[in-house]
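> Pasting the sequence and the predicted coordinates here, then a few questions.
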Amino acid sequence: MAAGPSMQHPQGQDEDEVDRIVAAWHRERPDLDVDPLTVLSRVTRLARHLDLARRGSFARHDLEPWEFDVLSALRRSGKPYRLSPGALLTQTLVTSGTMTNRIDRLAEHGLVLRLPSPGDRRGVLVQLTERGRTQVDAAMSELLDVERGLLASLSVPDRDRLADLLREVVAPFDAP
């Protein structure tokens with residue numbers, strides 16, 4: 001596979017950076033099967049772009065990505081937008097010490113409240129405040145606009161197909 005300056009691919013797309021990387025590996029190490037790079041390097045590059053876009057969306061609403069993660073977990077839980085710290089751990093994949101710090105910081109900013117758990121005198125529940133709901137709702141709306149823009153070049157059937165394929169790749173990591 002000789003990569004030229006304007007190499008075209010089957011769907012008529014121009015060569016991208018991943019094509020150049022793969023071609024260089026083919027040239028330097030023809031003994032290696034570098035085909036996984038054609039997919040996974042693009043996923044990695046997309047993840048970087050998505051992370052930057054998300055950080056920008058969240059920052060415009062005075063939120064850090066971790067704050068959005070916790071607030072959105074509470075928002076998705078439905079009224080009264082309340083979860084135990086354990087449920088938040090499950091949804092955000094952080095340690096209990098990290099979650100305690102995050103809840104503390106969100107409470108300091110008036111985005112969540114700590115409430116006593118009705119069924120457990122030692123337990124607490126974390127509840128989204130009105131301010132927290134307003135911020136997470138605004139950030140979510142903007143995030144969806146940004147993400148729609150990132151996917152604008154794909155038709156709806158292509159987006160659905162891509163979602164199905166990615167679900168298949170990610171499923172083993174999300175299995176209990």
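Right, received. Where do you want to start?
> what is the rounded mean pLDDT of stretch 84-94?
Averaged over stretch 84-94, pLDDT sits at 89.
> And the strand or helix carrying Ile21, what does it pack against?
Using DSSP states H and E, Ile21 sits within helix 17-28. Other helices and strands packing on helix 17-28, by 3 or more C-beta pairs under 8 Å, 6 or more residues apart in numbering; DSSP states H and E, are helix 35-59. Using the backbone N, CA and C atoms, a C-beta is placed for each residue, glycine as well.
> Quick check: buried residues in the helix it packs on?
37, 41, 53-54, 57-58 (16 or more other C-beta atoms under 10 Å).
> Contacts for the helix or strand following it next, please.
Per DSSP H and E, helix 35-59 leads on to helix 65-76 as the next helix or strand towards the C-terminus. With C-beta atoms under 8 Å, 6 or more residues apart in numbering as the test, helix 65-76 has contacts from 51, 54-55, 58, 63, 81-83, 87-88, 91-92, 94, 99, 102-103, 105-106, 111-112, 126-128, 132-133, 135-137, 139-140.
> Please tell me how far helix 65-76 is from the chain's geometric centre.
Distance of helix 65-76 from the chain centroid (C-alpha atoms, centre = their mean, to the nearest Å) equals 12 Å.
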